[in-house]
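# Generate coordinates for the sequence data below:
(chains A and B)
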Amino acid sequence: MANRRQDATVIVGGGHAAGSLLTTLLQKKYQQEVVLVGEEPHPPYQRPPLSKNYLAGDIDEESLYLKPRSVYDDAGYQLRLGERAEHIDRDNKTITLSDQSTLKYGQLVLATGSRVRHLNAQGADLKGLHYLHDMADSDALREQFVPGKSLVIVGGGYIGLEVAAIAVKAGLKVTVLEAVERLMQRVTGPEISAFFYAKHRGAGVDVRLDTAVTGFEAGNHGYVAGVTLADGTTVPADLVLVSVGIAPETALAEAAGLPCDDGILVDEYTRTNDPDILAIGDCTRHRNLFFEQTQRMESVANAVDQARTAAATLMGEDRPYDAAPWFWSNQYDVRLQMVGLSHAHDERVVRGKPEDEAFAVFYLRQGHLIAVDAVNLPMALMVGKKLVYQHREVKAQALRDPDIELKSLI
Amino acid sequence: MGKITFIEHDDTEHVVEFKAGASLMQIAVDHMIPGIDADCGGECACGTCHVIVADEWYDKTGTPGDDEQQMLSMTPELAKTSRLGCQVQTTEAMDGMTVRLPEFQM
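Alright, predicted model coming up:
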């Protein structure tokens, strides 16, 4: 390689972005020494199943791994797991780890991810209060899944609702408390929210909208016994899941003087303003050529796409990040697939009928398709991926008319 | 235990051992086979694990579900024996099977 350096490329973080970067570098036959520093004891693994089939106990730990451990060992990539990066010394290009050892880097990639937002309400330190971010959290929650127990979920977003679906199937009494007037409000339109509201209610989940939580009531031995609401009532609870979002993990970058603004700021090549430091995944506020403005994106697709971009940048290729974001969620037998960001739409078109449990919502802005949410209709997602990426102008009637094949719009 | 051969678009062959029960996608991913992205990790959400099963082996892979067919139908390199690797659970009967990988995933 032309610009082969003496010092290792160090990746800080052991999540999906970090793991995808490792495997992409491996596939591209990157010639540099690579060291990954990860806080968790596991090699990089998939997080989406933690609130789905892994939580349900349908798949085991090893099937979460992005790659078997041996793949990294065979490649000579060093995984330093169970260690935390404490400090970056940009002048000397070293990082200090939690065991006080230092590591010299040629290029540093920050993939520090995110942390769950905590509720600062009264009783928030009681036992039996769960958050869901990593494998250990999912294991701890599953251990409490005893039929008949009452689970109260604070937050009606993807994670809360996915857990509700698994828990009610496991025989728990499940209540979901959502602060605003509809489910998943931050990420989807009213038709999809209404559909999932009905779906969860139909499955026996007590979903309460416009419901503000004020605190947690203590029972015996320091365990939570209930969730108190703004109207003064209490919902009894044997266990509670608080799922009210995540915040980017930027402390390490900020302490090193790297510009951050609700995320480590990076350009479309995943570069920070330090030419030897890149950042990828949940922890970034980044440029993606698909958007006018910088974005922070909490998704697997972003982690993977930015990892591929970073690999290209590390290898001296000119391959900017330019992709439409996409997302998915599984709840019960429903697969929700989404592409694009819908919130700036001025027109919504529904194709199919929600009561058939197979429909899609197309979001238009000035006649151009900006997002698609598909419920059990993968075709809409696949067509949407192309049309949304191209900001294509599409006639609402064509999207709505069941006699016009979606494929024909491409 | 058995063997499956993955053939890349450029005809590079990878013969890998597999244990029945894993999905075709998982086997490919675990063996670092290039040409399978598997972005969603096997949840049939992304369509990036397209494989083309050799004709004579296709029947052994079962029938694609409706969701899978919809995802596949948009694949530019769609063939009669296309499958999403994540939806093919391997069995002992697949020992010796050959699958081709497309040039691009979706």
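# Let me know whether stretch A:321-336 sits next to chain B.
Yes - Stretch A:321-336 is in contact with chain B by C-beta under 8 Å from any C-beta of the partner chain, via A:326, A:328, A:330, A:335. The C-beta positions use only the backbone N, C-alpha and C, and glycine is treated the same way.
# make that stretch A:73-93, sorry
No - using C-beta under 8 Å from any C-beta, stretch A:73-93 never reaches chain B; the gap is at least 8.7 Å.
# ok, which residues in chain B are in contact with chain A?
B:26, B:29-30, B:32, B:34, B:37, B:39-41, B:43-47, B:67, B:70-71, B:73-74, B:106.
# Repeat the analysis, applying 6 Å as the threshold.
B:30, B:34, B:39, B:41, B:45, B:67, B:70-71, B:74 (C-beta under 6 Å from any C-beta of the partner chain).
# now the helices for the stretch 51-200 of chain A?
Remark: helices assigned in the stretch 51-200 of chain A by DSSP state H, counting those that start in this stretch are A:69-75, A:135-143, A:158-169, A:190-202.
# and what of the stretch 301-410 of chain A?
A:378-389, A:396-400.
# Summarise which helices and strands the last one is packed against.
It refers to helix A:396-400. Using 3 or more C-beta pairs under 6 Å, 6 or more residues apart in numbering or on different chains; DSSP states H and E, the elements in contact with helix A:396-400 are strand A:347-353.
# Just the buried positions in the strand it packs on, please.
Residues of strand A:347-353 classed as buried by neighbour count (16 or more other C-beta atoms under 10 Å in any protein chain shown): A:348-352.
# weakest of the helices of the stretch 51-200 of chain A in terms of mean pLDDT?
Lowest mean pLDDT within the helices of the stretch 51-200 of chain A: helix A:69-75, a mean of 93.
# Now do the contacts for residue A:321.
A:268, A:288, A:309 (C-beta atoms under 6 Å, 6 or more residues apart in numbering or on different chains).
# Name the nearest of those residues relative to chain B.
Proximity of the contacts of residue A:321 to chain B (C-beta to the nearest C-beta) peaks at residue A:309, which lies at 14.1 Å.
# okay, now the closest one: neighbour count?
By the measure other C-beta atoms under 10 Å in any protein chain shown, the count of residues near residue A:309 is 28.
# Could you report the pLDDT at the closest residue in space to it that isn't next to it in sequence?
Of all residues beyond its chain neighbours, the one nearest residue A:309 is residue A:321 (4.4 Å), with distances taken as C-beta to C-beta, 6 or more residues apart in numbering or on different chains. For residue A:321, the model assigns a pLDDT of 98.
# could you measure residue A:321 against residue A:295, distance?
According to C-beta to C-beta, to the nearest Å, residue A:321 stands 10 Å off from residue A:295.
# and what of residue A:227?
33 Å.
# out of the two, which sits in the more crowded spot?
Neighbours were counted for residue A:227 and for residue A:295 using other C-beta under 10 Å; residue A:227 has more, 27 against 17.
# The closest residue in space to residue A:336 that isn't next to it in sequence: how many residues sit nearby?
Distances taken as C-beta to C-beta, 6+ apart put residue A:329 closest to residue A:336, at 4.5 Å, once the chain neighbours are dropped. Neighbour count of residue A:329, defined by other C-beta under 10 Å: 25.
# do the same with residue A:172
Count around residue A:172 with other C-beta under 10 Å applied: 23.
# And residue A:189, by the same measure?
Neighbour tally, residue A:189, other C-beta under 10 Å: 20.
# Which strand residues bridge residue A:215?
residue A:122, residue A:228 (DSSP bridges).
# check contacts around it.
When contacts are taken as C-beta under 6 Å, 6+ apart, residue A:215 is in contact with A:121-123, A:228.
# One more pass at 10 Å, please.
Residue A:215 makes contact with A:119-124, A:126, A:226-229, A:234, according to C-beta atoms under 10 Å, 6 or more residues apart in numbering or on different chains.
# likewise residue A:223?
A:126-129, A:237-239.
# Would you mind checking which of the residues you listed is nearest to residue A:222?
residue A:127 (5.1 Å; C-beta to C-beta).
# Identify the bridge partners of the closest one.
residue A:223.
# That one - how many residues pack around it?
For residue A:127, using other C-beta under 10 Å, the count is 12.
# do the one 5 residues further on as well
The number of residues packed near residue A:132 is 21, by other C-beta under 10 Å.
# Distance of it relative to chain B?
Counting by C-beta to the nearest C-beta, to the nearest Å, the gap from residue A:132 to chain B is 17 Å.
# how near is the spatially closest residue to residue A:302 that is not a sequence neighbour to residue A:290?
Closest residue to residue A:302 apart from its sequence neighbours, by C-beta to C-beta, 6+ apart: residue A:325 at 6.1 Å. The gap separating residue A:325 from residue A:290 is 8 Å, by C-beta to C-beta.
# Next, show the common contact partners of these two.
Going by C-beta under 10 Å, 6+ apart, residues that sit against residue A:325 and also against residue A:290 are A:340-341, A:388.
# Turn those into JSON lines, including distance to chain B and pLDDT.
Output for the shared contacts of residue A:325 and residue A:290, formatted as JSON lines (distance: C-beta to the nearest C-beta, whole Å; pLDDT from 0 to 100):
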{"residue": "A:340", "distance to chain B": "15", "pLDDT": "98"}
{"residue": "A:341", "distance to chain B": "18", "pLDDT": "97"}
{"residue": "A:388", "distance to chain B": "13", "pLDDT": "97"}
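# By neighbours, which of these wins?
residue A:388 (27 neighbours).
# Give the bridge partners for the nearest residue to that residue once chain neighbours are set aside, please.
Excluding the flanking residues, the one nearest residue A:388 by C-beta to C-beta, 6+ apart is residue A:340, at 4.1 Å. Judged by DSSP bridges, the bridge partners of residue A:340 are residue A:371.
# Show the contacting residues for residue A:340.
Per C-beta under 10 Å, 6+ apart, neighbours of residue A:340: A:290, A:324-327, A:362-363, A:365, A:369-373, A:384-385, A:387-389, A:391.
# Apply 7 Å and report the result again.
A:324-325, A:370-372, A:388 (C-beta atoms under 7 Å, 6 or more residues apart in numbering or on different chains).
# who wins for most neighbours among those?
residue A:372 (29 neighbours).
# so where's chain B shaky on pLDDT?
Filtered on pLDDT under 70, chain B yields no residues whatsoever.
# So residue A:376 sits against residue A:356, correct?
No - at 8.6 Å, residue A:376 does not count as touching residue A:356 under the criterion of C-beta atoms under 7 Å.
# neighbour count winner among those two?
Per other C-beta under 10 Å, whichever of residue A:376 and residue A:356 has more neighbours is residue A:376, with 19 against 10.
# any idea how far the more buried one lies from residue B:3?
36 Å.
# got it, and residue A:394?
47 Å.
# before we move on, the earlier item: point out the most buried one among the helices of the stretch 51-200 of chain A.
helix A:158-169 (a mean of 24; mean count of other C-beta atoms under 10 Å in any protein chain shown).
# ok and it relative to helix A:190-202, angle-wise?
Between the axes of helix A:158-169 and helix A:190-202, defined by axes from the mean of the first three to the mean of the last three C-alpha atoms, to 10 degrees, the angle is 20 degrees.
# What is helix A:158-169 packed up against?
strand A:150-154, strand A:173-177, helix A:190-202, strand A:326-331 (3 or more C-beta pairs under 7 Å, 6 or more residues apart in numbering or on different chains; DSSP states H and E).
# Include distance to residue A:91 when you put these into JSON lines, please.
Converted to JSON lines, these look like this (distance: least, C-beta to C-beta, whole Å):
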{"stretch": "strand A:150-154", "distance to residue A:91": "44"}
{"stretch": "strand A:173-177", "distance to residue A:91": "49"}
{"stretch": "helix A:190-202", "distance to residue A:91": "50"}
{"stretch": "strand A:326-331", "distance to residue A:91": "40"}
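# Out of the helices of the stretch 51-200 of chain A, which gets nearest to residue A:177?
helix A:158-169 (8.8 Å).
# Could you report the neighbour count for residue 64?
Chain wasn't specified; assuming chain A. Quick note: residue A:64 (other C-beta under 10 Å) scores 21 neighbours.
# Can you look at chain B instead?
Neighbours around residue B:64, by other C-beta under 10 Å: 16.
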